[in-house]
Every structure is written in structure tokens, then in C-alpha cells.
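> using only what follows, build the 3D model:
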Amino acid sequence: MDELLVTLLKGPAVIVVLLVAYLFSAVHVLREYERGVIFRLGRVLGKPKGPGLIFVFWPIDRIIKVDLRTITMDVPPQDIVTKDNVTARVNAVCYFRVVDASKAIIEVENFLYATSQLAQTTLRSVLGEVELDELLSQRELLNLRLQEILDRHTDAWGIKVSLVEMKQVDLPDEMRRALARQAEAEREKRAKIIHAAGELEASKKLFEASQVLAQEPVAIQLRYLQTLTEIGVEKNTTVVFPIPMDILSHFTKGLVKKD
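Now for the predicted structure:
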């Protein structure tokens, strides 16, 4: 009789223990940046759960956790051919995050892999439509264009692409040497233009100075004496014999008379 009573008491106790264990297993705690997409009998519930304490009653419910933080994804180097038939290898980085957890799970099988493949394809197609000079000098515009295209295509997956940045552009050695020669030629061109502009400005100033000196002949002699003073200050082996201008003019007049 006692054994039967103990057996009857043990039965409800086991059930209670199992029920408590099941309730504890149904409790899930989601962090602030997590959302839980709940499938109940194969159908998704209307709104993702979380953050905080939620209940998932297995096996009726199944939960898939989705991280809502910004994801940094490296786009592997892609071989591209620009519009002017120049080969290059370009890699980039893409920043995106999930804004709709339900779409990210339902609309696409693996949103990380899908976004990565779409970024690689978009990088090749967009950069293949521009010339090398645009690729090197207009990165900001190309980054915005890449971001807009990716954001438009991933919107149906509940993903927001916030930024796309090209990290490095690798060119063949022949093209690097050609660009170096082009830059050198451009520098020489600018140097010659600046030098010519200086010569033009100097000739204008000399012309103005000649007009001023022509009004007073004594100013020429004063300038001549100042030049001798500057030469004498320097430590050199140059010997200068000053000759009065009147003597030279006397010989010049005599030669003219003989002719």
C-alpha cells in the first residue's frame, strides 16, 4: 500500500519537473541589437520579437536570431577592364545593416552571401563603364553610385547599405610607368608655362624701367655705379675697370665722322 502511494506521488512530481524544465527552455533573452524571427508551425509571425525576454514554445515555434548592427564586409579584389581598355584590380568595403529582420530571413536564403555577391557584380559593372582617369580622380562619385545601386537592390531584402568605399586600385607595372611619364611631362609643361610667364612679366618691367631711365641719362650712370658696388662686395676674382660714358661717346662720334 505504501509503495503504491509513493508511486502515485512520484507521477505528478515528475510531470511538474518536466513542465518547469520545458518552461525554462522556452525562455529566451535577446540583446538590444538582436531580433528573433518566430516561425509557428511553419508560418512567420507578423513582427520579430525582442529585445528582452521572449518565449519560444518548441516544437511549435522555431526562432532565428538576426543581428541589427552595422556589418562591415570586405569585397574581394575584382579584375575589371575600364572603358578605355585598361585592366585593373579593385577591392572595396561595404557597410550595411538589417532594418527588417523578417525580410532578411524570408526574401533571401542567405543575406550575407547575397549582398557579397551583389557587391562584387556591381563593382565590376560600374567601374567597367568609366575611364581610368575617372576611376582615379572621381572616387567619391563612384562610391556614391555603388552605394545607391546596392541600396536599391537590397531594399527588397530588408537591408540598408549605408556606405561603399573603394580601398585600393592596383594597376599593371606598364601602366604605372606610363602614368609616371605623363605626370612628369605635365610637370615640365607647367614649369615651362610659369617660366615663360615670368619672362613676359620681366620684359614688361624692363620696358617700363627703360622708359624711366631714358628721361634722365644721369640715372644710367648711377645704376652703373651701383652695379659696380654690388660686384665689389662679393668675394670673387673678377676685375672691373670703370670707363666713363663720356669717353665712349667721344670715340663713337669720331667713328661716325670718319664714315
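
> packing partners for the helix ranked longest in the chain?
For the chain, the helix with the greatest residue count under DSSP state H is helix 173-215. Packed against helix 173-215 by the contact rule (3 or more CB pairs under 8 Å, 6 or more residues apart in numbering; DSSP states H and E) you find helix 218-233. (C-beta placed from N, C-alpha, C; glycine too.)

> neighbours around residue 123, how many?
25 (other CB atoms under 10 Å).

> domains of this protein?
With domains defined by automatic domain parsing, the chain comprises 2-67, 71-176.

> start and end of the longest one, how far apart?
The first and final residues of domain 71-176 sit 34 Å from each other (CA to CA, to the nearest Å).

> now do the contacts for residue 111.
98, 104, 105, 154, 157, 158, 159 (CB atoms under 8 Å, 6 or more residues apart in numbering).

> at 6 Å what do you get?
Counting by CB atoms under 6 Å, 6 or more residues apart in numbering, residue 111 touches 104, 157.

> and if you look at residue 168?
residue 91.

> and it, its phi and psi?
Torsion angles at residue 168 (phi, psi; degrees, to the nearest 10) stand at phi -150, psi 140.

> can we start the residue count at 897 from this point?
Sounds good: first residue 897 from here, last item residue 1064.

> and it, how far is that from residue 1031?
12 Å (CB to CB, to the nearest Å).

> ditto for residue 920
Residue 920 is 58 Å from residue 1031, by CB to CB.

> which one's more surrounded, these two?
residue 1031 (22 against 8).

> out of the domains of the chain, which is the most enclosed?
domain 967-1072 (a mean of 16; mean count of other CB atoms under 10 Å).

> helices of the stretch 947-1096 of the chain, start to end?
997-1002, 1007-1023, 1028-1033, 1035-1050, 1069-1111 (DSSP state H, counting those that start in this stretch).

> can you add distance to residue 912 and give the ones you listed back as JSON lines?
Below are these laid out as JSON lines (distance: least, CB to CB, whole Å):
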{"stretch": "helix 997-1002", "distance to residue 912": "36"}
{"stretch": "helix 1007-1023", "distance to residue 912": "43"}
{"stretch": "helix 1028-1033", "distance to residue 912": "70"}
{"stretch": "helix 1035-1050", "distance to residue 912": "49"}
{"stretch": "helix 1069-1111", "distance to residue 912": "77"}
